[in-house]
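Engineer: Pasting the sequence and the predicted coordinates here, then a few questions.
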Amino acid sequence: MPSRLSGSTEGSTGGGTGATTLLVTGATGLVGRAVVGRLLATDARLHVVAPVREPRRLEHIAAADGWGARVTVVAGDVTLPGLGLDAGVRARLAREATAVLHCAADTAFSRPLDEARAVNTAGTAHLLDLVTGWPRAPRFALVSTAFVAGRMTGDVAERAHETTGGWVNGYEQSKWEAEALVRAHAADWVVLRPSTIVSDHDGRVRQANAVHRA
């Protein structure tokens with residue numbers, strides 16, 4: 001079973017001496033779950049701290065995927081300032097986290113803009129606020145989307161993020177705004193832009209999306 005991180009500021013998050021501590025949001029999601037599994041398989045020294053709204057759900061996933069004690073589950077919500085984390089948890093992360101992988105997102109294309117922003121834009125802002133001032137200045141990796149190109153067509157240059165020509169839906173706009181926040185406020189960052197994910201590498205469909213409904 002994965003470990004649970006208490007509010008105590010004593011001890012370690014469970015990674016052990018020489019471990020790399022990675023803060024991952026959205027670990028229960030389609031992308032987050034797959035990425036955490038692959039990272040753990042690739043780096044034997046990696047320890048993941050995963051704030052989620054439903055800790056029990058992630059514990060079941062961790063047990064099913066064989067993550068063991070290398071994943072520490074904490075109660076947290078990106079829509080809240082400081083992710084709603086206990087002060088002791090925040091202090092531990094500030095000391096130990098060397099990188100942040102922000103996978104948490106509301107990916108519904110039909111969501112009104114204000115609702116999409118609550119998770120995608122404000123959630124990113126809350127995470128950036130949380131890590132600002134951490135002594136290790138962790139690298140910030142944002143999982144965005146290819147759809148930040150909005151209504152633009154043809155070859156889209158990277159500098160085109162300044163003028164999108166508008167968006168088709170609130171999801172696209174809220175993710176574009178999240179990217180802008182990361183560029184403006186993170187010292188060391190990378191933006192990752194997957195397109196629509198149809199299935200796992202073995203063809204299993206874990207989550208139905210717009211492609212399947214169409």
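Structural biologist: Yep, that arrived. Note that the coordinates shown come from a computational prediction; the quantities given were computed from them, not determined experimentally. Numbers count the residues shown, from 1 in each chain.
Engineer: Burial check on Leu83, number of neighbours?
Structural biologist: For Leu83, the neighbour count with other CB atoms under 10 Å is 23. For every residue, glycine as well, the C-beta is placed using N, CA and C.
Engineer: contacting residues around it?
Structural biologist: Leu83 makes contact with Thr25, Pro51, Gly76, Asp77, His126, Leu127, Leu130 under the criterion CB atoms under 8 Å, 6 or more residues apart in numbering.
Engineer: okay if I get the residues you listed as TSV plus pLDDT, secondary structure and neighbour count?
Structural biologist: Output for these, formatted as TSV (pLDDT from 0 to 100; DSSP: H, G, I helix; E, B strand; the rest coil; neighbours: other CB atoms under 10 Å):
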residue	pLDDT	secondary structure	neighbour count
Thr25	98	strand	25
Pro51	98	strand	27
Gly76	98	coil	25
Asp77	98	coil	19
His126	98	helix	19
Leu127	98	helix	26
Leu130	97	helix	22
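Engineer: quick one: which two of those residues are the most distant?
Structural biologist: Across the contacts of Leu83, no pair lies farther apart than Asp77 and Leu130, at 12.0 Å, counting by CB to CB.
Engineer: show me what contacts His185?
Structural biologist: The contact partners of His185, by CB under 8 Å, 6+ apart, come to Leu128, Thr132.
Engineer: Swap in 10 Å and give it another go.
Structural biologist: Going by CB atoms under 10 Å, 6 or more residues apart in numbering, His185 touches Thr124, Ala125, Leu128, Asp129, Val131, Thr132, Phe140.
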